[in-house]
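**Student:** With the sequence up front, the predicted model follows.
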Amino acid sequence: MNSIDKTTELTGDDSRDQLMDQSVVDLSCLSRNVWLIKVPKYLSKRLENLKPMQEIGKLVMNLDDKQKGLNQVLWKLSPKLLSSADTDCGGGGVDDKENQQQLMSPTEHIITFASVDNQLMTVFSENTTETNETRIEGTVVKRGDCRPRESTSYLDFQRLRAKRADKTLRPVIQLDRSITVFKPISGHSSTRTGSLGPRPEIKCKYDKPVVKNMLFQAYEKHRYYTMRDLERLTLQPLYYLKEIVREICVYNIRNPHKYMWELKPEFRNYKK
């Protein structure tokens, strides 16, 4: 019982359509009878890593059953297939001696066959490295399921795999000492007095004549101001400043000084 190159199962019209797309199809092995076997996941991963035409085991069958109709056979795995460690073990290892114990898969498997009389299936391989040639490897005459033979070693194998799968990659570890690096403190540097930068200036409400003098001094330097600029220059509450500005200024609603405030004509004294 040997392993072959990467194969694909085609049934019905799909096989005919896909094979017609290939330029060259080798039909020399079309009359070869092959078995289509479904294997467990841990065996499929090992079979993928084997080289082509490498021995994977031996089949044991009863001659009496062969004459009546082959229903099941015994598959004994080869030592090369058993030598590879099980990679389908979930998370990290288990503790103590089980952590050092290698997961050895069962050596014997039972293949149970089913009839494929009403279905035509073929197996072909693709060589994509050199000539891009498609080759028919044979016609499926038997379809079966592979399951491990029940034994004590198989139960231990499943128990160890379940324990390894339950282990997380980042287990919780109890510390025996305190960590001072991330120890919480009551006062951080950002909450100390004076560390947040300069405090905002408190806006004191002045009398109207004082505020008007401040505005007139500002308009001696520039002709147009926004309300935000006037608030920044006078440091007065916004609602109080608007009330005074409306008494001595006009609001421009047209370009080029749109949304800006200007002194009323009776207060203007611009030098020509």
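**Tutor:** Received it, and whenever you're ready, just let me know what you need.

**Student:** Which element, helix or strand, includes Thr134?
**Tutor:** strand 133-148 (DSSP states H and E).

**Student:** Tell me the helix or strand right after that strand.
**Tutor:** Next along from strand 133-148, by DSSP H and E: helix 152-166.

**Student:** Quick check: the residue nearest to Glu55 when sequence neighbours are not counted vs Glu220, distance?
**Tutor:** Using C-beta to C-beta, 6 or more residues apart in numbering and skipping the chain neighbours, the partner closest in space to Glu55 is Ser78 (5.0 Å). For glycine as for every other residue, the C-beta is placed from the backbone atoms N, C-alpha and C. Ser78 is 102 Å from Glu220, where distance means C-beta to C-beta, to the nearest Å.

**Student:** quick one, which of the two is more surrounded?
**Tutor:** Ser78 (16 against 10; other C-beta atoms under 10 Å).

**Student:** Could you check how far that one is from Leu263?
**Tutor:** 102 Å.

**Student:** ditto for Ile248
**Tutor:** Relative to Leu263, and taking C-beta to C-beta, Ile248 is found at 6 Å.

**Student:** Pick out whichever of those two has more residues nearby.
**Tutor:** Between Ile248 and Leu263, counting by other C-beta under 10 Å, Leu263 is the more crowded of the two (19 against 16).

**Student:** one step back: tell me the buried residues in the strand holding Thr134?
**Tutor:** 134-140, 142-144, 146-148 (16 or more other C-beta atoms under 10 Å).

**Student:** Mind exporting the C-alpha coordinates of it to CSV?
**Tutor:** Provided in CSV are the C-alpha atoms of strand 133-148 (Å, rounded to 0.1, in the frame of the first residue of the first chain):
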residue,chain,number,x,y,z
GLU,A,133,0.0,17.2,-17.6
THR,A,134,-3.1,15.6,-16.2
ARG,A,135,-3.1,11.8,-15.6
ILE,A,136,-6.0,9.5,-14.8
GLU,A,137,-4.8,7.3,-11.9
GLY,A,138,-7.8,4.9,-12.0
THR,A,139,-11.5,4.3,-11.5
VAL,A,140,-12.9,4.1,-8.0
VAL,A,141,-14.5,0.7,-7.4
LYS,A,142,-14.8,0.8,-3.6
ARG,A,143,-15.4,3.6,-1.2
GLY,A,144,-14.7,3.2,2.5
ASP,A,145,-14.3,4.8,5.9
CYS,A,146,-11.2,4.3,8.0
ARG,A,147,-11.5,4.1,11.8
PRO,A,148,-9.0,3.1,14.5
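
**Student:** counting contacts, what elements does it pack onto?
**Tutor:** strand 25-26, strand 33-38, strand 108-114, strand 121-127 (3 or more C-beta pairs under 8 Å, 6 or more residues apart in numbering; DSSP states H and E).

**Student:** Restrict the second one to CA atoms and write it as PDB.
**Tutor:** The reference is to strand 33-38. Output in PDB follows, covering the C-alpha atoms of strand 33-38 (Å, rounded to 0.1, in the frame of the first residue of the first chain):
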ATOM      1  CA  ASN A  33      -9.200  -0.100  -9.900                       C
ATOM      2  CA  VAL A  34      -8.600   2.200  -6.900                       C
ATOM      3  CA  TRP A  35     -10.100   2.600  -3.500                       C
ATOM      4  CA  LEU A  36     -11.400   5.900  -2.100                       C
ATOM      5  CA  ILE A  37     -10.800   5.900   1.700                       C
ATOM      6  CA  LYS A  38     -11.700   8.600   4.200                       C
END
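
**Student:** pLDDT of the helix or strand following that strand, averaged?
**Tutor:** Next helix or strand after strand 33-38 toward the C-terminus (DSSP H and E): helix 41-48. Averaging pLDDT along helix 41-48 yields 83.

**Student:** how far out from the middle of the chain is helix 41-48?
**Tutor:** 24 Å (C-alpha atoms, centre = their mean, to the nearest Å).

**Student:** Going by neighbour count, list what's buried in that helix.
**Tutor:** Applying 16+ other C-beta under 10 Å to helix 41-48 flags Tyr42, Leu43, Arg46 as buried.
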